[in-house]
Every structure is written in C-alpha cells, then in structure tokens.
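Chemist: A predicted structure for the sequence below; I have some questions about it.
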Amino acid sequence: MTKPQSRDHEFGNPVCYEKQRLQEAFIDACHELNSLQSDQISAVITGDSDFMRFDDLLHLAREKKEQAKYVLLSHIEEHRC
Ligand SMILES: [Zn+2]
C-alpha cells in the first residue's frame, strides 16, 4: 500500500492557504462594512442628528471590501484554486 503523495505543490491544489487568507480578509471587510451600517442605522433610530459622520467611514469600508474582493478574484483566476 502506497502512501498518497502530498499535493501541496500540484496545480489545482485543493487547499490553498493564500486563498483562505484572502477569503478571511474579504469576510472581515464585509463584517466591518456591515457593522458600520448597523451603527449608522442605530444612530438614526436613536435620534442622533450626527448620523452622517458614518458616511466617510462607510465609503472607506466599501472601498476596502471591493479591494479585498478584487485581490481574491485575481488570485482565484491566476491560481485556479
Ligand atoms: Zn490559490
């Protein structure tokens, strides 16, 4: 009985740690955006007249999410993982 060879360096490696890392970064960015959106909604609900202060943060969080998505998709395209 032969031991299965490690597939770590094969093309189409089923476990790509870089992809996992990029997925986590994308998920984190999504959570950050959601959390800011919730904060803004809460501010509106509680009558905080300064709820617009979240807009710049939301803009940055949205850009960060788009960037993380782009990097992840580029990696998948290039690496085919
Ligand atoms: Zn990969």
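Modeler: Everything's here; your move.

Chemist: Could you tell me which residues of the chain lie near the ion?
Modeler: Proximity of the chain to the ion (CB under 5 Å from the ion) is limited to residues Cys16, Glu18, Lys19, His79, Cys81. From N, CA and C alone the C-beta is placed, and that goes for glycine too.

Chemist: For the chain, give me the ranges with low pLDDT.
Modeler: Along the chain, the model assigns pLDDT under 70 to residues 1-13.

Chemist: Could I get the buried residue list for the lengthiest helix in it?
Modeler: Longest helix in the chain, counting residues (DSSP state H): helix 17-45. Buried residues in helix 17-45, counted by 16 or more other CB atoms under 10 Å: Leu22, Ala25, Phe26, Ala29, Glu32, Leu33, Leu36, Asp39, Gln40, Ala43.

Chemist: will you turn these into TSV that also has distance to Ser74?
Modeler: Below are the buried residues of helix 17-45 laid out as TSV (distance: CB to CB, whole Å):
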residue	distance to Ser74
Leu22	9
Ala25	13
Phe26	12
Ala29	15
Glu32	21
Leu33	20
Leu36	25
Asp39	31
Gln40	30
Ala43	36
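
Chemist: With respect to the ion, which of those residues is nearest?
Modeler: Distance to the ion across the buried residues of helix 17-45 (CB to the ion) is lowest for Leu22, with 8.3 Å.

Chemist: Assess the claim that the closest one and Lys69 are in contact.
Modeler: No - under the criterion of CB atoms under 8 Å, Leu22 makes no contact with Lys69, lying 9.3 Å away.

Chemist: for Asp39, what are its contacts?
Modeler: Residues near Asp39 by CB atoms under 8 Å, 6 or more residues apart in numbering: Phe54.

Chemist: Same question for Gln40.
Modeler: Shown in contact with Gln40 (CB under 8 Å, 6+ apart): Phe51, Phe54, Asp55, Leu58.

Chemist: Leu72: how many residues sit nearby?
Modeler: 19 (other CB atoms under 10 Å).

Chemist: which residue sits closest to it in space, ignoring its chain neighbours?
Modeler: Distance criterion CB to CB, 6 or more residues apart in numbering; nearest residue to Leu72, sequence neighbours excluded, is Leu22 at 4.3 Å.
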